[in-house]
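Peer 1: after the sequence you'll find the predicted model.
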Amino acid sequence: MEAEDKKNNTKDIKADIKSLTLEELKDEMTGLAEKPFRAVQLYEWMHKKLVRGYDEMHNIPASLKEKCRERFSYTALNLVEVQESKMDGTKKYLFALADGNVVESVLMHYKHGNSVCISSQVGCRMGCRFCASTLDGLKRNLLPSEMLDQIYAITRESGERVSNVVVMGTGEPLDNYENLLRFINLLTDENGLHISQRNLTVSTCGIVPKMWELAREKLQITLALSLHAATDEKRRELMPIANTHSLAELMEACAYYFAQTGRRITYEYSLVRNVNDTKRDAKQLAELLKGQNCHVNLIPVNPIKERDYVQSERQAIEDFRDRLERSGITATVRREMGRDIDGACGQLRRRFLEEQS
Ligand code: SAH
């Protein structure tokens, strides 16, 4: 049991008040000889009014605040830095966690609303070759509350309503599976921010057994799969996870996700010049996805200084999209948000860590 607790961080969650569901919080109140309505009040302060601590909770008696301080920890992020793009108003935030680790999150403005991109781990152990988040490996998983806190802090700081959330920042969400599910549960709860499952996207590099598990949850969230190559050989060069799971296994898991949830998969494909952006690559991708009800997001790779990957030419990107479209696969080129700020995953955090050392 201890080992299980450790793996899932459930030991931490039990003591972390903002990671508890309303039902669990009610049980806790009973345990503290308090009335269940106190749980409703606490939950509302934390998840609706988004307060940073008990001091801001006006209708909670001092005696209960004291009990809570003794029994629970209360996570809150400290803003270290915020960068705003002059091109499109995208804001990139660097937050410090209680233990001094830092994570980054992004606020993007779209016609359909505001979208926040959050991190799910401190660092990452997946080792994708073009990604800055993974260069120093994984430090630790984020708690459900620490994932929520990124959205709460941005809502408070910007004064804007967040309608969409994408778990596409630093970390592999399916490598922090239990906490991710709890986070989804809390984020979509009607007693909290009540963000619809359909407005939530979780992006994975393709941890097949967890994709099967997630499919069985039958959630209405969008699953984005980071594909980046249409053959096993090429994918293995870019993403170490491809050594563990073949494309055939991945496609089977995606088909299962669609069958269980009715939600079409979004495939992410970062275009790297002369690596995966040729006519042949487009043809192989079209072949791989043939007949699937899916969507392909083409992302011009964001170069990082530690690697010599170069962005594809504009023309190559458009040709690539057109070839997919002609094969009946819907594809869009993702608008690059905030290119003038440290835009690529993990770059802001990395620059910060480098400056510290
Ligand atoms: N681990 C998850 C989520 C985080 S990465 C995943 O792999 O999906 C979010 C997306 O950004 C992934 O598609 C990832 O491959 C992509 N990405 C990472 N670094 C990038 C870069 N430098 N340029 C373009 N896309 C990048």
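Peer 2: Right, received. Where do you want to start?

Peer 1: so the longest strand along the chain, near the ligand or not?
Peer 2: The longest strand of the chain (DSSP state E) is strand 102-110. No. Using Cβ under 6 Å from any ligand atom, we find that strand 102-110 stays clear of the ligand, coming within 11.0 Å at best. No exception for glycine: its C-beta is placed from N, CA and C like everyone else's.

Peer 1: my read: Met337 touches Val106, true?
Peer 2: Yes. At 7.4 Å, Met337 and Val106 qualify as touching, with contact defined as Cβ atoms under 8 Å.

Peer 1: give me the common contacts of the two.
Peer 2: Residues touching both Met337 and Val106 by Cβ atoms under 8 Å, 6 or more residues apart in numbering: Thr90.

Peer 1: which of the two has more residues huddled nearby?
Peer 2: The neighbour comparison of Met337 against Val106 (other Cβ atoms under 10 Å) goes to Val106, with 26 against 21.

Peer 1: for the more buried one, give me the pLDDT.
Peer 2: Listed pLDDT for Val106 reads 94.

Peer 1: what helix or strand is the residue of the stretch 1-150 of the chain found nearest the ligand on?
Peer 2: Per Cβ to the nearest ligand atom, Cys131 is where the stretch 1-150 of the chain lies closest to the ligand, at 3.6 Å. Per DSSP states H and E: Cys131 is located in neither a helix nor a strand.

Peer 1: number of nearby residues for it?
Peer 2: The local packing of Cys131 (other Cβ under 10 Å) involves 25 other residues.

Peer 1: likewise for Met147?
Peer 2: 31.

Peer 1: repeat for Cys205
Peer 2: The burial count for Cys205: 26, using other Cβ under 10 Å.

Peer 1: what's the distance between it and the ligand?
Peer 2: 3 Å (Cβ to the nearest ligand atom, to the nearest Å).

Peer 1: spit out the contact partners of that residue.
Peer 2: Each residue near Cys205 by Cβ under 8 Å, 6+ apart is listed here: Met126, Cys128, Glu172, Ser226, Met239, Ile241.

Peer 1: which stretches of the stretch 151-300 of the chain form helices?
Peer 2: Using DSSP state H, counting those that start in this stretch, the helices of the stretch 151-300 of the chain run over residues 177-187, 208-217, 232-238, 247-261, 279-289.

Peer 1: residues touching Lys18, list them.
Peer 2: Residues near Lys18 by Cβ under 8 Å, 6+ apart: Met46, His47, Tyr74, Thr75, Pro144, Ser145, Leu148, Asp149.

Peer 1: ok, Tyr269 next?
Peer 2: Tyr269 neighbours (Cβ under 8 Å, 6+ apart): Leu227, His228, Asn276, Leu285, Val296, Asn297, Leu298, Ile299.

Peer 1: among those residues, which are in reach of the ligand?
Peer 2: Answer for these near the ligand (Cβ under 6 Å from any ligand atom): Ile299.

Peer 1: from the contacts of Tyr269, pick the one nearest Gln220.
Peer 2: Asn297 (19.2 Å; Cβ to Cβ).

Peer 1: surely the closest one touches Ile265?
Peer 2: No. Under the criterion of Cβ under 8 Å, Asn297 makes no contact with Ile265, lying 10.7 Å away.

Peer 1: who touches both of the two?
Peer 2: Here Asn297 and Ile265 have Ala224 as joint contacts, going by Cβ under 8 Å, 6+ apart.

Peer 1: which one of the two has more residues nearby?
Peer 2: Each of Asn297 and Ile265 has its neighbours counted (other Cβ under 10 Å); Ile265 has more, 23 against 17.

Peer 1: and that one, bridged to which residues?
Peer 2: The partner list for Ile265 in beta bridges (DSSP bridges) reads Cys294.

Peer 1: contact partners for Ala259?
Peer 2: So, once contact is read as Cβ under 8 Å, 6+ apart, Ala259 ends up touching Ala215.

Peer 1: check it and give its pLDDT.
Peer 2: So, for Ala259, pLDDT stands at 98.

Peer 1: ok, it to the ligand distance?
Peer 2: Computed as Cβ to the nearest ligand atom, the Ala259 to the ligand distance reads 21 Å.

Peer 1: kindly report the same for Glu160.
Peer 2: 23 Å.

Peer 1: and that residue, how many neighbours does it have?
Peer 2: A count of nearby residues for Glu160, using other Cβ under 10 Å, gives 15.

Peer 1: many thanks, I have nothing further to ask.
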